[in-house]
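Student: this one's sequence-less:
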């Protein structure tokens, strides 16, 4: 193990300097902090994504399919840019790179639209999708984690 003193990193509130004990677990946590990668939990279970979640403009962004399937939804892609999400009696229709979307036929406005990465993953703001599906979302800034509760 190696003790690192005064390691600087950039966070939302500016540049911070921290001391930490370097071991495998701490190195992974520190790397996630540097990459601004929050941990995501649904009903207490950690969700592993094939594309790391990230924070952009104050929004936690995640791959759509993994999030919605974890929440028990059906997801459908309709060419050229429409995404349909359904769970129970909730139906969400949204479009890539468009701020408008519909929930059960009612048009609404997103502050940050879904987009597709170079690798073909559709990325969405986690809170918007989860809350439209009736979930509660809590962000723990200290732990850099997001907790979604379906019940």
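Tutor: Perfect, I can see it now. Everything quoted here is computed from the prediction, not taken from an experiment.
Student: so who does residue 124 touch?
Tutor: By C-beta atoms under 8 Å, 6 or more residues apart in numbering, residue 124 lies in contact with 61-62, 64, 67, 94, 114. Glycine gets a C-beta too; all of them are placed from N, C-alpha and C.
Student: Swap in 7 Å and give it another go.
Tutor: 61-62, 64, 114 (C-beta atoms under 7 Å, 6 or more residues apart in numbering).
Student: How about residue 65?
Tutor: So residue 65 contacts residue 75 (C-beta under 7 Å, 6+ apart).
Student: my guess is it is in a helix, correct?
Tutor: Yes: according to DSSP: H, G, I helix; E, B strand; the rest coil, residue 65 belongs to a helix.
Student: Test for you: state the pLDDT assigned to it.
Tutor: You'll see residue 65 listed with a pLDDT of 94.
Student: what does residue 62 give?
Tutor: For residue 62, pLDDT reads 97.
Student: again with residue 45
Tutor: 97.
Student: Tell me how many other residues surround it.
Tutor: 10 (other C-beta atoms under 10 Å).
Student: Tell me what it is bridged to.
Tutor: Assessed by DSSP bridges, residue 45 has beta-bridge partners residue 42.
Student: That one and residue 92: what is the separation?
Tutor: 23 Å (C-beta to C-beta, to the nearest Å).
Student: ok, now residue 72?
Tutor: 14 Å.
Student: between those two, which one's more packed in?
Tutor: Shown here are residue 72 and residue 92; by other C-beta under 10 Å, residue 92 has more neighbours (21 against 11).
Student: Verify the stated contact: that one with residue 82.
Tutor: No: in terms of C-beta atoms under 7 Å, residue 92 does not count as a neighbour of residue 82; the distance is 10.9 Å.
Student: Low-confidence ranges, this protein, go.
Tutor: 1-35 (pLDDT under 70).
Student: And the helices in this structure?
Tutor: 24-34, 64-70, 126-132 (DSSP state H).
Student: can you list the domain ranges for the chain.
Tutor: With domains defined by automatic domain parsing, the chain comprises 1-34, 43-149.
Student: Just name the most buried of those.
Tutor: For the domains of the chain, average neighbour numbers computed from mean count of other C-beta atoms under 10 Å are highest in domain 43-149, which has a mean of 15.
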